[in-house]
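Enquirer: Give me a 3D structure for the following:
(one chain, ligands or ions: 1)
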Amino acid sequence: MKIKHADFITSAVRKNQYPETGHPEVAFVGRSNVGKSTIINAITNRRKLAKVSNTPGRTRLVNFFLINEAAMLVDLPGYGYAKISKTEKAAWGKIIEDYINSSPHLKRFVLLVDSRHKPTADDIAMMEYFRYFEKDVVVIGTKLDKLKRNDIRKSEKLIRETLELTDKDQLILYSSTSRENLQAVIDLVFHDILP
Ligand code: GDP
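Expert: Model (predicted):
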């Protein structure tokens with residue numbers, strides 16, 4: 001599978017601002033700093049595509065990118081800021097819930113976790129939330145280049161156990177720095193979505 005075109009479509013605050021293209025959607029989510037913007041740029045092969053919409057003060061937005069004129073990559077706001085207030089947390093939850101509830105074309109979530117660490121309580125909560133909505137989830141462990149080769153298996157096991165992944169749930173470790181497993185990530189993320 002090849003990503004030939006990627007275009008930033010829009011950033012939305014409210015659901016009435018979501019673009020209605022009718023294309024299938026894949027939504028990326030993960031804790032802040034996990035490498036979400038970087039992986040979106042790697043997948044789309046555009047150095048600054050995701051950063052464009054990631055300027056400070058615009059982090060509470062849902063960003064839509066059109067891929068190969070056939071699918072939407074949806075960049076959901078990151079979670080897990082150290083000093084987030086209850087109000088902000090609630091606002092974040094509402095954005096995610098609004099998106100899930102009003103996106104009939106949502107096909108899959110891509111949950112990003114840092115492969116160097118045990119998934120956080122927020123990561124676990126996110127996974128449980130997806131299960132509740134019975135959505136297809138692909139888990140990507142980021143920053144694979146930071147792991148020692150010997151620790152890769154251990155990291156996979158820890159992520160699988162902590163998030164209680166089943167054999168059906170796909171997990172892949174990946175690095176934006178070395179681009180290791182980039183093609184496998186693209187194939188997994190857009191499986192059954194792009195030709
Ligand atoms: P976001 O907040 O999830 O969008 O995270 P960013 O994409 O902005 O990345 C956060 C930091 O992690 C930046 O300093 C990136 O350069 C770094 N980063 C992202 N991906 C990788 C990776 O695969 N390997 C390494 N070593 N660093 C990464």
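Enquirer: Spell out which residues of the protein are next to the ligand.
Expert: Residues of the chain lying near the ligand by C-beta under 6 Å from any ligand atom: 30, 32-38, 78, 142-143, 145-146, 175-177. Any C-beta I mention is one placed from the backbone N, CA and C, and that applies to glycine too.
Enquirer: among the residues you listed, who's most crowded?
Expert: Among those, Val34 has the most neighbours (other C-beta atoms under 10 Å), with 26 neighbours.
Enquirer: secondary structure element for it?
Expert: Val34 belongs to no helix or strand when elements are defined using DSSP states H and E.
Enquirer: Sketch out the low-pLDDT regions of the protein for me.
Expert: Counting by pLDDT under 70, the chain shows low-confidence ranges at 51-59, 81-83.
Enquirer: Go ahead and flag the most central residue of it.
Expert: Among the residues of the chain, the one closest to the centroid is Phe28, at 2.0 Å (C-alpha atoms, centre = their mean).
Enquirer: end-to-end on stretch 11-30?
Expert: One end of stretch 11-30 sits 18 Å from the other (C-alpha to C-alpha, to the nearest Å).
Enquirer: Show me the residues of the chain next to the ligand that map onto strands.
Expert: Using DSSP state E, the members of those that fall within strands are Gly30, Thr142.
Enquirer: Pick out whichever of the residues of the chain next to the ligand sits closest to Glu134.
Expert: Lowest distance from Glu134 to these (C-beta to C-beta) belongs to Gly30, with 20.3 Å.
Enquirer: residues in contact with the closest residue to the closest one other than its chain neighbours?
Expert: Nearest non-adjacent residue to Gly30, counting by C-beta to C-beta, 6 or more residues apart in numbering: Leu112, 3.1 Å away. Shown in contact with Leu112 (C-beta atoms under 8 Å, 6 or more residues apart in numbering): Phe28, Val29, Gly30, Arg31, Val34, Gly35, Lys36, Ile39, Val139, Ile140, Thr142.
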